[in-house]
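Undergrad: Provided below are the primary sequence and the corresponding predicted coordinates.
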Amino acid sequence: MTVLGLDVGRLVQLVRKEARQTFRDPRALRVIFMAPILQLVIFGYAVTTDVKDAAMIVYDRDHTTESRELVQALTAGGYFRVASLAAKAEDLADALDHGRAIVALEIPRGFQGDLAAGGRASVQLLIDGTTSNTATVAQAYASQIILRFGQQHSPLVAQTAGTGAQGHGGTGLPGVDLRVRAWYNPNLESRVYNVPGVVCNLMMLMALLLTTLAVVRERELGTLEQLMVSPLTPGELIVGKTLPVVGIALVDLALITTVATLWFAIPLRGTLATLGLTSLAYIVCGLGIGLLISTVSSTTQEAFMTMFMFFLPAMIFSGFFFPVENMPVFFQYLTLLDPVRYYVEAVRAIFLKGAGLAVLWPDVLVLTLMGGGILWFAARRFHKTTA
Amino acid sequence: MTARLSAGRLWAMARKEWLHIRRDSRSLAMAFAVPAAMVILFGYVITFDVRDIRMAVLDQSNTTQSRDLVDAFRSSGYFRVARQLTSDDQISPLLVRGTVRLVLVIPPDFARHLAAAEPAPVQALLDGGDANTASIAINYAQAIVTSYSATAVLKGVPLPVPIAVDSRVWYNEDLKSSSMIVPGLMAAIMMILSALLTSLTIAREWERGTMEQLAATPVHRLEVILGKLLPYLGIGAVDIVLVAVVGGVVFAVPFRGSPVLLMVTGMLFLVGAQGLGMFISASAKSQFLATQLAMIVTFLPAMLLSGLMFDISSMPKVLQVISLVVPARYFIAATRGIFLKGVGLEVLWGQALGMLVFALAGLGLAVHAFRKEIV
């Protein structure tokens, strides 16, 4: 029986051989199915851009109810915690130098008096800028909390405010009251955004690793030539080598999706069909690239290194860590060549926004075209290098 | 086996190793091109500066006041008004497709509330998917609205600002991401070098059976390990200079501390990482496992659990505890201290001691693994 010019009987034999070879080693089995889950759990927790419990050193020179309330207001939201209290001004610089605190707050003498008199009370905030992302967010949070504290405690504002209604997140003050609502991720947890990104990268890593090693191992052991002299056609060889990888990758996808939704409580708002279809196109891309790498590598080490050189930039350009739109324009164009980018975009939309093919068809189309193109090119090269 | 080490034999080992590296163009590229490329890539691409956030406006008020508010957003430089909407049902498709990140809804009675000196609610709908960008966008929006409120005179009395926050950022005054990333990258690069050694020199010697030849020579096992390390220490030193120069020239990352301290801690870290790598490659029998293990045990923690990109104190307690045994964590604290804070041993002695312990532990593991395999 033949389908698309491929002999099904021979294909089944090859797939069986591949499966047996892969599953023979229980340790390899563990790597294939356990490692992705383990990585998802660890990195799902590690990859966070939230600011929580940032260490703060406080130098309170006012020692009044108001100054203590201000410190309480800062720690109440869970963004900051008081790591230590300074006894003199030098302690602040010392704590920042040693990294014992990333925020230093100095409340000057007379703070309460200035506040009560309606004059301008002032506080000083020093921030360790070495981790710029945390510093940016911490600075914004702290300024906002202090500002709000001031509005609530200033008698002058209370006067002007009159009977302004409190609640609903509003300040109750005259003037424009901005009410913010974040869709898809109301608590603005970075995990909800990052875990689907981790899923994308693990899928790529698996597809690359399995395909490359399946081919390079045979070449290293010299058994690839044995396969070439068998009645298998090159097309059958490629399909037979990659089909098991597709199967394993889909099982991995199911596993990590389950962990992401059950363990991390990431909402899966889209349909499984959309996720599966998009992933299939993406896996084909990964296979093609893996096959391509295997044609330029004669040993496992070489393959591993080449894979690394591809994977690292692919990960950075995917927008997984950092939004593509914040990159310099030149790099934004470069990301258009990165299959991971389309998949990250699509997977996030499927998980968080419940997007369907009606919205995602451009991404899926690009992935399919890329996958087909790369696979075709890799297959051609494969012919030449093995012939 | 004599316990005495010979400088001649050590030198011969190192030379042999260098010849191996030089012959293989791919590993040379890995040793020099990848670090340079990583600095440039990470330096440019990793940015937390959020600018030109695409927004849409649904202005149901359509008054001078509401247009002024929109202008305040536009002229802030943080937002770009991409769409003017006319009805509610246009909002959802824009956010789903990611065409805009923020939709500002100004209700019909906005100007009336403002004139009556009442709270005038305005709604901001955000794509919260990317929590980081979203929270930065919220802060910008709040700041714009607050300053708009302050200038909009209410009954002749401007809204007072009761507390002035004098906020200053130290060490990295402009909050540039590249200043944060470039020093930290040293750790990632040292880890790549050690992965290279692991996969290239040790595994290959085993595979080709030349390790037994080595064992048959009078060379001491410490000589083998040190000899294999030396060329990589040389490459590591060049890489450290390379990263510092590229960082300084291309990204203007300041270098405020002592180059000697940087070099010493870097070398110690490299020795530790390579020892760990040798240990892994000797204990995992198959190459597939060795590469996977090296990724899981060394490289990924160095990237993700070290504070290179993600703040450790925001992680769950369990991971914070795990990160205590990630050597890259201490090395990154040291490089940031040296580059940005300009502090020396008086502050960084703990980190330097940590690197020393790591180096000794790495060497010990490597020697142990080597003996185990030969017998």
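TA: Structure received. Numbers count the residues shown, from 1 in each chain, chains lettered A, B, ... in the order given.
Undergrad: any idea where the strands of the stretch 101-250 of chain B begin and end?
TA: When assigned using DSSP state E, counting those that start in this stretch, the strands of the stretch 101-250 of chain B occupy the ranges B:102-106, B:119-127, B:163-170.
Undergrad: quick check: domain ranges of the chain?
TA: With no chain named, the answer covers chain A. Structural domains of chain A, as assigned by automatic domain parsing, span the residue ranges A:2-48+A:189-386, A:54-158.
Undergrad: To clarify, I was referring to chain B.
TA: As given by automatic domain parsing, the domain ranges for chain B are B:7-46+B:175-374, B:53-151.
Undergrad: what's the closest of those domains to A:Phe304?
TA: Closest to A:Phe304 of these, according to CB to CB: domain B:7-46+B:175-374, at 5.0 Å. Quick note: C-beta positions are derived from backbone N, CA and C, even for glycine.
Undergrad: and stretch A:295-310, C-alpha only, in PDB?
TA: Listed in PDB are the C-alpha atoms of stretch A:295-310, where the atom choice follows Å, rounded to 0.1, in the frame of the first residue of the first chain:
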ATOM      1  CA  THR A 295      22.800  17.700   7.800                       C
ATOM      2  CA  VAL A 296      25.600  20.100   8.800                       C
ATOM      3  CA  SER A 297      26.800  18.100  11.800                       C
ATOM      4  CA  SER A 298      28.600  14.900  11.900                       C
ATOM      5  CA  THR A 299      28.800  14.400  15.600                       C
ATOM      6  CA  THR A 300      26.400  14.900  18.500                       C
ATOM      7  CA  GLN A 301      28.600  17.600  20.000                       C
ATOM      8  CA  GLU A 302      28.600  19.600  16.800                       C
ATOM      9  CA  ALA A 303      24.900  19.200  16.500                       C
ATOM     10  CA  PHE A 304      24.400  20.300  20.100                       C
ATOM     11  CA  MET A 305      26.500  23.400  19.600                       C
ATOM     12  CA  THR A 306      24.800  24.400  16.300                       C
ATOM     13  CA  MET A 307      21.400  23.800  17.900                       C
ATOM     14  CA  PHE A 308      22.400  26.100  20.800                       C
ATOM     15  CA  MET A 309      23.600  28.800  18.300                       C
ATOM     16  CA  PHE A 310      20.100  28.700  16.700                       C
END
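Undergrad: For chain B, which of the domains of chain A is the nearest?
TA: When the domains of chain A are compared for distance to chain B using CB to the nearest CB, the nearest one is domain A:54-158, at 3.2 Å.
Undergrad: Of all the domains of chain A, which one comes closest to B:Leu270?
TA: Within the domains of chain A, the stretch nearest B:Leu270 is domain A:2-48+A:189-386; the backing value is 18.3 Å (CB to CB).
Undergrad: Could you list the buried residues of stretch A:52-64?
TA: Judged by neighbour count (16 or more other CB atoms under 10 Å in any protein chain shown), stretch A:52-64 contains these buried residues: A:52-60, A:62, A:64.
Undergrad: same question, stretch A:365-374
TA: For stretch A:365-374, a neighbour-count test (16+ other CB under 10 Å) marks A:366-368, A:370-371, A:374 as buried.
Undergrad: Just the closest of those to A:Ser190, please.
TA: For A:Ser190, the nearest member of the buried residues of stretch A:365-374 is A:Leu367. The distance, counting by CB to CB, is 25.5 Å.
Undergrad: ok, now how distant is that closest one from A:Leu360?
TA: Note on A:Leu367: its distance to A:Leu360, by CB to CB, to the nearest Å, is 10 Å.
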